[in-house]
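Student: Next come a sequence and a model predicted from it.
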Amino acid sequence: METDVDVAVVGGGIIGLGIAWEAIRRGHTVTVIDPDPAAGATHAAAGMIAPASELHYREEHLLRLTLDSAARYPEFLASLTWTGIDPGFRRTGTIVLGFDGADRQALADLQAVQARNSLVVEQVSLREARRSEPMIGPAATAAFRAPEDHQVDPRKLAAALLAAVTSRGTLVRAAATGVERDGSHVTGVRLADGSVLRAGSTTIANGLAAAGLAGLPCRLPLRPVYGDILRLRVPEALQPLLTHTVRGLVRGHPVYMVPRTDGTVVLGATMREDGSNAVSAGGVYQLLRDAQQLIPAVSELELVEVLCRARPGTPDNAPLLGQVEGCDRLLIATGFFRHGVLLTPTAAAVCVDLLEGKPGPPGLERYTPNRFEEG
């Protein structure tokens, strides 16, 4: 088949750019299709590389992927140093706080799950926690530490990936409307102007918009999960406010604060499925209220940005990742929900391995994109 490019990637968020860069690194010609790269969920993401503290009940099956991806991050970032863009990688670790009895029990239950999966999570005294983070408030009654958690700045990482992809590949700033097929073979991508980009392999990685593409051989049951997220600037007199990521359960409400090297703090994040991409006044109030329980000095910070973005969720909160059964030359990589930044290196490696005819990792069948077609 005559093609314009080896690999077409629909979607220029953190996942799509990661896949494109991995394919370029391995010698493939690549075109990314996105009208506004890195402007969706990537733009709002906090960037925690935290398999331990991000573990949720009934999501233990994701640990194989999240741990693998966290281990891949240093080499993945090293491949981008030539761009001159610092992606904000920090080995900060995470301190997790609880406040009332129910919070303490929930954290203890989570620690048991973490221990069962050999994750490094330590219960520490509040005195020790405050020795690491003196700004922790007096209302905290329990503390845990996940020393192996890290972080990146997703905006800076996306900028580095975009620079790399546009330097050694091609970016088409246009909307994709569907895939072109010849029977069971996907032959390329149709663009909004009616033109077709012919590709040897096509990867769909455009988040929620993937479900609306024409020509897909299966439905993609994606749902938007909206989240409010704030950015605050720390006055010079209070810097550094934090040296770790600080998370908490405040009377059952999860909240986190992620310090950046530029003197800002990311505060997040609410989760709602009300169908609104507008910032919620109640969500902003809840975040500021609960963050002040973690770190009372939050009230002295400058509020510089308030965002709401929709993250792509699936019925089982697991990604749609891999080949579509019964359809050649088509890969799906979406539905990453809270874990898009964390899973970028592994999603990239999995997709490029599959397009090169290599087997996927053990357990990948759990995430097959058309798993919901059979009910």
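Tutor: Yep, that arrived.
Student: Would you check how far apart the nearest residue to residue 25 once chain neighbours are set aside and residue 22 are?
Tutor: Distances taken as C-beta to C-beta, 6 or more residues apart in numbering put residue 79 closest to residue 25, at 6.2 Å, once the chain neighbours are dropped. To be clear about C-beta, it is placed using only N, CA and C from the backbone, and glycine gets the same treatment. From residue 79 across to residue 22, the span is 9 Å (C-beta to C-beta, to the nearest Å).
Student: Which of these two has more residues huddled nearby?
Tutor: The neighbour count for residue 79 versus residue 22, taken as other C-beta atoms under 10 Å, is higher for residue 22 (23 against 16).
Student: Just confirm that one is within a helix.
Tutor: Yes: Residue 22: assigned to a helix according to DSSP: H, G, I helix; E, B strand; the rest coil.
Student: domains of the protein?
Tutor: Following automatic domain parsing, one gets these domains for the chain: 5-46+155-222+315-374, 94-147+224-313.
Student: Following element in sequence after the helix or strand containing residue 266, please.
Tutor: Assigned by DSSP states H and E, residue 266 belongs to strand 264-268. Once the chain leaves strand 264-268, the next helix or strand it forms, by DSSP H and E, is helix 281-294.
Student: got the angle between that next one and strand 264-268?
Tutor: Compare the direction of helix 281-294 with that of strand 264-268 by axes from the mean of the first three to the mean of the last three C-alpha atoms, to 10 degrees and you get 120 degrees.
Student: What average pLDDT does helix 281-294 get?
Tutor: The pLDDT scores in helix 281-294 average 95.
Student: before we move on, back to that, so what secondary structure elements neighbour the strand holding residue 266?
Tutor: Strand 264-268 sits against strand 223-233, strand 253-259, helix 281-294, with contacts defined as 3 or more C-beta pairs under 8 Å, 6 or more residues apart in numbering; DSSP states H and E.
Student: May I see these arranged in JSON lines, with mean neighbour count and distance to residue 54 as well?
Tutor: Shown next, in JSON lines, are the helices and strands packed on strand 264-268 (neighbours: other C-beta atoms under 10 Å; distance: least, C-beta to C-beta, whole Å):
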{"stretch": "strand 223-233", "mean neighbour count": "21", "distance to residue 54": "14"}
{"stretch": "strand 253-259", "mean neighbour count": "22", "distance to residue 54": "10"}
{"stretch": "helix 281-294", "mean neighbour count": "18", "distance to residue 54": "17"}
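Student: TSV for the ones you listed, including distance to residue 344?
Tutor: As requested, the helices and strands packed on strand 264-268 are exported to TSV (distance: least, C-beta to C-beta, whole Å):
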stretch	distance to residue 344
strand 223-233	18
strand 253-259	17
helix 281-294	25
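Student: tell me which residues form a beta bridge with the residue nearest to residue 198 when sequence neighbours are not counted?
Tutor: Leaving aside its chain neighbours, residue 198 sits nearest to residue 188 (4.1 Å; criterion: C-beta to C-beta, 6+ apart). The partner list for residue 188 in beta bridges (DSSP bridges) reads residue 180, residue 198.
Student: so who does residue 188 touch?
Tutor: 3-4, 8, 179-180, 196-199, 202 (C-beta atoms under 8 Å, 6 or more residues apart in numbering).
Student: now do 10 Å
Tutor: By C-beta atoms under 10 Å, 6 or more residues apart in numbering, the contact set of residue 188 is 1, 3-5, 8, 31, 179-182, 195-202, 329.
Student: So for stretch 229-245, mean pLDDT?
Tutor: 96.
Student: With stretch 189-208 instead?
Tutor: 96.
Student: Put the alpha carbons of the lowest-mean-pLDDT helix or strand in the chain into PDB.
Tutor: Within the chain, no helix or strand scores below helix 101-116, which has a mean of 78 by mean pLDDT, DSSP states H and E. The C-alpha trace of helix 101-116 is given here as PDB (Å, rounded to 0.1, in the frame of the first residue of the first chain):
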ATOM      1  CA  GLY A 101     -11.300   8.800  62.100                       C
ATOM      2  CA  ALA A 102     -12.800   7.800  58.800                       C
ATOM      3  CA  ASP A 103      -9.900   9.400  57.000                       C
ATOM      4  CA  ARG A 104      -7.400   7.500  59.100                       C
ATOM      5  CA  GLN A 105      -9.300   4.200  58.500                       C
ATOM      6  CA  ALA A 106      -9.400   4.800  54.700                       C
ATOM      7  CA  LEU A 107      -5.700   5.600  54.600                       C
ATOM      8  CA  ALA A 108      -4.900   2.500  56.700                       C
ATOM      9  CA  ASP A 109      -7.000   0.400  54.300                       C
ATOM     10  CA  LEU A 110      -5.200   1.900  51.400                       C
ATOM     11  CA  GLN A 111      -1.800   1.200  53.000                       C
ATOM     12  CA  ALA A 112      -2.800  -2.400  53.400                       C
ATOM     13  CA  VAL A 113      -3.500  -2.600  49.700                       C
ATOM     14  CA  GLN A 114      -0.200  -0.900  48.900                       C
ATOM     15  CA  ALA A 115       1.700  -3.300  51.200                       C
ATOM     16  CA  ARG A 116       0.100  -6.300  49.600                       C
END
